[in-house]
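Test case, fold it:
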Amino acid sequence: MSTKAKFVILLLMFGLVGAAAIGYVWFADIAVLHPKGVIGEKQRDLLWIATFLMLIVVIPVFVLTFAIGWRYRAENAKAKHSPDWDHSFLAECVWWGVPCAIIVILGVYTYKGCHELDPFKPLEAEKEMTIQVVALRWKWLFIYPEQKIATVNFVQFPEKTSIHFEITSDAPMNSFWIPELGGQVYAMSGMRSELYLMANGVGEYRGSSANISGKGFSSMFFTAASTSEEEFSSWVETVRGESPSLGMEEYKKLASPSEYNPPAFYVLGDDGLFNWIVMKYMMPMDGSPHH
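So this is what the prediction gives:
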């Protein structure tokens, strides 16, 4: 083997090792690949299955690219030269049949996954809780209709409880996303979207806006905290006892555009606030939350 060939092989080896190291560090920081909820786990599995199926085609292509280039290099006189060869039934079956089979398998997995992971589909759990979400400029408002409280840029819920998020917007279209728990769902004015998520254990997760919505988009993130049932109940009582009321006038001030909003906590002053936010885009309003 020539010195030049040895240098090329050594360079490729260093490149592969470097790529593997970079890939390991990169994958270690991706939240969707380290889920902490049942929906996130199923979405991760579907992502890995799709990736591995596609690699069945991608890896051989890259391997054959280098192998053919090396085999039929100019200085290799032993390589067979077949200028009249233009068709192989076996080769045609491989490079058409294998991709077609992969597409069929991938289609079946995707079809099943889309129905199984329908965000409107309730989760099987012993306990369920509803949290209403409003996308504002540029912050997130969370309303707890059962606990009669509301929060800004912070949402807390018990572990192993099916959380039914009802999502709308009182601002430009946005997207509600907690990567470690599950996929994103759009928040749109005058519409009520739904999303079911459940955390497997105790922890804090970063939530964010996944849709560019203006100047303050980059700071539109929140903390999602999964705690024990006892800690959640204690937190609710603390918020009820120490927080100001959130009525219509306070809400209108809160809905004004603002950036870099710290977490804030309120006692819910009007049970119909979420419905009023949805319906205000559906018909002329007279200012009453119960119109």
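
Outside of stretch 136-144 itself, list whatever touches it.
With contacts defined as C-beta atoms under 8 Å, 6 or more residues apart in numbering, stretch 136-144 is touched by 130-134, 150-155, 169-172, 176, 207, 209, 213-217, 219-220, 222, 236, 254-259, 261, 268, 273-274. The C-beta positions use only the backbone N, C-alpha and C, and glycine is treated the same way.

Mind checking which of those are buried?
Applying 16 or more other C-beta atoms under 10 Å to those, the neighbour count classes 130-134, 150-155, 169-172, 176, 207, 209, 213, 216-217, 220, 222, 236, 254-255, 261, 268, 273-274 as buried.

Check the secondary structure at the residue sitting furthest away from the middle of the chain for me.
In the chain, the residue that sits farthest from the middle, by C-alpha atoms, centre = their mean, is A77; the gap is 53.8 Å. Judged by DSSP: H, G, I helix; E, B strand; the rest coil, the three-state class of A77 is coil.

how much space is there between it and R71?
Distance, A77 to R71, using C-beta to C-beta, to the nearest Å: 12 Å.

same deal with S209?
Here the criterion is C-beta to C-beta. By it, S209 lies 51 Å from R71.

center of the protein - which residue?
Centroid-nearest residue in the chain: G183, 3.6 Å away (criterion: C-alpha atoms, centre = their mean).

any idea of the pLDDT on it?
With respect to pLDDT, G183 scores 86.

can you pull the contacts of it?
Applying C-beta under 8 Å, 6+ apart, the residues contacting G183 are 39, 43, 117, 119, 177.

tell me which residues in the helix or strand encompassing it are buried?
Per DSSP states H and E: G183 is located in strand 182-187. Residues 182-185, 187 are the ones in strand 182-187 that count as buried (16+ other C-beta under 10 Å).

Mind giving me the packing neighbours of the next helix-or-strand element following it?
Per DSSP H and E, the first helix or strand lying C-terminal to strand 182-187 is strand 193-197. Of the remaining helices and strands, those touching strand 193-197 by 3 or more C-beta pairs under 8 Å, 6 or more residues apart in numbering; DSSP states H and E are strand 162-169, strand 174-178, strand 182-187.

Kindly export the second one (C-alpha atoms) in CSV.
Read it as strand 174-178. Taking Å, rounded to 0.1, in the frame of the first residue of the first chain, the C-alpha atoms of strand 174-178 are listed here in CSV:
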residue,chain,number,x,y,z
ASN,A,174,-47.6,30.5,18.5
SER,A,175,-46.7,26.9,19.5
PHE,A,176,-46.7,25.4,22.9
TRP,A,177,-43.8,22.9,23.5
ILE,A,178,-42.2,21.0,26.4
